Structures are given as C-alpha cells and as structure tokens.
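Q: take this sequence and fold it.
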Amino acid sequence: MKRGSMFGWMTAISTIVTIILLVIASALKYSLPALGYLGLAGLASIVGGVATLGGIITGLIGLYSLVSINEKIQAAINDEKKVLKGQLDKQLSINMRAVSEYNRGLSESNIRRASEHMENALKLQSELPLVSEHMGSRFAEATFRWAWHKIDRSQDFKVRLNRYGGSTLETDMEEGDYRHDAIKWLENVKTVDGEQALYWVKLAKLYALIGDDRKIVSSLRKASEMNEKGINYSEKDIGILLWNCLDPEQVQELCGAIHYDASITLTEPLLESVLKREGSYAGTMRPLLAVRRRGTMMFKSEAPSSPIIYYIGRMLSESGEDRYILQWYGNDVIQYPKSNDAPWDVNKLLNVVNDWVITVGEVYR
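A: Down below sits the predicted model:
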C-alpha cells in the first residue's frame, strides 16, 4: 500500500471511531441516566484518548510522509546537479576550444588560415568578443596597403613618399585584395569599443574600393558624428576614398564629405608652393595625388584604379629658363617630355596635367 493511501485510511478510521464513541456516549446518557455524570466523564476520557491516539498516529504518518518527500526532493536536486554539471563541463570544453582557435588565429601569420581559425572559434562560441573586429581590421589594413600600392607604384622602384629616395620596402607586411573579406567581417561587428569613428572610416574606404557610393557617404557621416573634433584624413585615406572617381564632381563630393579642400586643377601658384616647400624630400621632384580623367588616353596600359601619384620637377635650361618635368611610375618610370620632344615651360606643364588628371592635392606626409 502506498504511503499516501495509508495516511488516508488511518485518518478515516480515527474519525469513524471517534464518531461511534460519541454516538454511544450520547445514547448511554439518555438511556442509562443512573450512570451519572461520572460515567459520561469517563467515557469522554476514553473518547478523548482514542482521538488523541488517532491524532498521534496521523502525525506519525504525516512525519513519515514528509521525510519521504524530502528524500525525493533531495534525490531530484542531486539528479539536477548531475545534469547541470554535465552541461557546465560541456560548455566549458566548448569555450576552451573556442579560445584555443581564437589564439591560433591571433598567432597565425597567414591571413587566410587565421580567418579559418576565427571562423571555427565563432562556430563554437558565437558571442566570442573582438573576433570580427580583429579579422576585419586585419583584412582591411592588408587591402589598404594593396590599394595604395596600386596608386603609388613608386614602391616597386624603392621610392617611398614619406622618405623620398633610398628606403627599403616593407616586405614583412601582408598585402592583398581582401576587400570583400574585410567588409564581411567588419559588417558583422555588433558593437564597437574605442575608436568608433575609425571603424566607420575603414568601412567607407572599403565601400569606395567596391564602388558603393551610397555607403561611402553614409559611413563618412557616421564617422563625423562620432568625432565632432574632426578626423585627420591622410593622403592614403583620400586616395583610397577616391578609388572609383573619374570626374571632378565625384571628387568634389567626396572631398566635401571629409572637409578636404581638393585642388581639382593644378595652378601656377600651387605649383610654386609645391616646388618651393621645404620638407622631407630630396631633389626637385614633388609628388601630388590625382585622379585620372574620364576618357583620357593617358595611363591606358596602367592599373585600372583611378587615383595616381604623379611627380613634378623643375630645372634650369642652359639659357637660364625654367623647364618642367612630369613623371609617374607604372610598369616603368614614365617621364615627359620625351627625349626628342621640345622642353616644357610652365604653361605646357599645366595644360598637360589638367588635361590628363584631376589634381587632388600635394602628398607631403
């Protein structure tokens, strides 16, 4: 018999016995008055004793049932603890594997293999922090180096704009066209800590490299909103932002979005300012950032990217007159005027440059 049923039966029996005794006592009172009050008092004592005994039995049964319930509760708690411990151990193992993949991604020198480790880490722990930020920035910076290399081909000839003449190439830096990988990772960033404005600048440059004009402008606006003091855009930033520009209107719009005063045309005062500037460049050649004009035959055999660095130099002829040289780096060093051409004066230089390219500004950093 189950404990619950036993408890019910004992309670019922106790109640029935008490009722029977009360009925008997009442009958005796009226049918045998000779017994008097003493007999009824004794009978009442008996009835009370039976009732008390029933109560004690009921209490003992209840106590036994309560102990049994506590045992069941404790057993259930122990089972739950085992399940929870198993779940915690499993989750801890997953987290440790995710962190292991993350660390392997951080230490991996090959960007593709690093990306695979980071993807594995996110599959194991989707909320693992800083994964998308790290890989997005790594892909982006490698892409920006690739893009600037396309703009500034002087690197192939061991000419560096920041230290003009004689510096060595940065062979230890990864470089490649990873624009779509960078966008994929950076667009997955849920929240951005720290330099939020620079995060949007990176996205703007990546959107420029794929020709998404709408997203370029919206990203630049977000960057400006997050940094009210203004962002200092380098020539490299500007060149990459202008990657798909081919006419002055596009150049002006993007330069206006970053509050950069683009030259658009090369003038004689600007030319004098560039050639006379004292700074970090040896010799007379001075670099300027430009965008190739739509429809020009110039640069037909060059890389398809729009921006370019061109150089201007000045020398004195035998008669003491200023003569100008236009030069840029493609598959070879290209220089005008050619050896069999007539020398260029300032007007010839300005006409050729403004016909071929949209001058954005001097490269002086």
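
Q: output the below-cut-off pLDDT ranges for the stretch 1-150 of the chain.
A: For the stretch 1-150 of the chain, applying pLDDT under 70 flags the ranges 1-67, 89, 91.

Q: show me where it has helices.
A: Ranges of helices in the stretch 1-150 of the chain, per DSSP state H, counting those that start in this stretch, are 3-31, 36-107, 111-124, 131-151.

Q: so where's the stretch 201-350 of the chain uncertain?
A: In the stretch 201-350 of the chain (pLDDT under 70), the answer is 228, 278-284, 295-304.

Q: that one: helices as residue ranges?
A: Using DSSP H, counting those that start in this stretch, helices in the stretch 201-350 of the chain cover 213-226, 235-241, 248-257, 268-276, 346-356.

Q: what's the most buried one of those helices?
A: helix 235-241 (a mean of 23; mean count of other CB atoms under 10 Å). The C-beta positions use only the backbone N, C-alpha and C, and glycine is treated the same way.

Q: only alpha carbons, please: show that one as CSV.
A: Presented in CSV, the C-alpha positions along helix 235-241 are these (Å, rounded to 0.1, in the frame of the first residue of the first chain):
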residue,chain,number,x,y,z
GLU,A,235,46.7,61.2,-48.4
LYS,A,236,46.5,57.5,-48.3
ASP,A,237,42.9,57.7,-46.9
ILE,A,238,41.9,60.2,-49.5
GLY,A,239,43.4,58.3,-52.4
ILE,A,240,41.5,55.1,-51.4
LEU,A,241,38.3,57.0,-50.9
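
Q: I'd say residue 114 and residue 102 touch.
A: No: with contact defined as CB atoms under 8 Å, residue 114 does not reach residue 102; the gap is 10.2 Å.

Q: now stretch 345-354: how far from the chain's centre is it?
A: Distance, stretch centre to chain centre, for stretch 345-354: 47 Å (CA atoms, centre = their mean, to the nearest Å).

Q: show residues contacting it.
A: Stretch 345-354 is contacted by residues 265-268, 271, 290, 310, 312, 321-324, 326, 336, 344, 359 when judged by CB atoms under 8 Å, 6 or more residues apart in numbering.

Q: give me the buried subset of the residues you listed.
A: By neighbour count, with 16 or more other CB atoms under 10 Å, the contacts of stretch 345-354 hold 266, 271, 290, 310, 312, 323-324, 326, 336, 344, 359 as buried.

Q: out of those residues, list just those in strands.
A: Secondary structure defined by DSSP state E assigns 290, 310, 312, 323-324, 326, 336, 359 of the buried ones among the contacts of stretch 345-354 to strands.

Q: columns distance to residue 83 on top of these, output as JSON lines?
A: Formatted as JSON lines, these follow (distance: CB to CB, whole Å):
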{"residue": "290", "distance to residue 83": "69"}
{"residue": "310", "distance to residue 83": "71"}
{"residue": "312", "distance to residue 83": "76"}
{"residue": "323", "distance to residue 83": "88"}
{"residue": "324", "distance to residue 83": "83"}
{"residue": "326", "distance to residue 83": "78"}
{"residue": "336", "distance to residue 83": "80"}
{"residue": "359", "distance to residue 83": "71"}
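
Q: now the two most distant members of those residues.
A: Greatest spatial distance among those (CB to CB): 290 and 323, at 21.3 Å.

Q: with adjacent residues omitted, what lies nearest to residue 109?
A: Spatial nearest neighbour of residue 109, excluding adjacent residues (CB to CB, 6 or more residues apart in numbering): residue 174 at 8.0 Å.

Q: what's the spacing between that neighbour and residue 102?
A: Going from residue 174 to residue 102 by CB to CB, to the nearest Å gives 19 Å.
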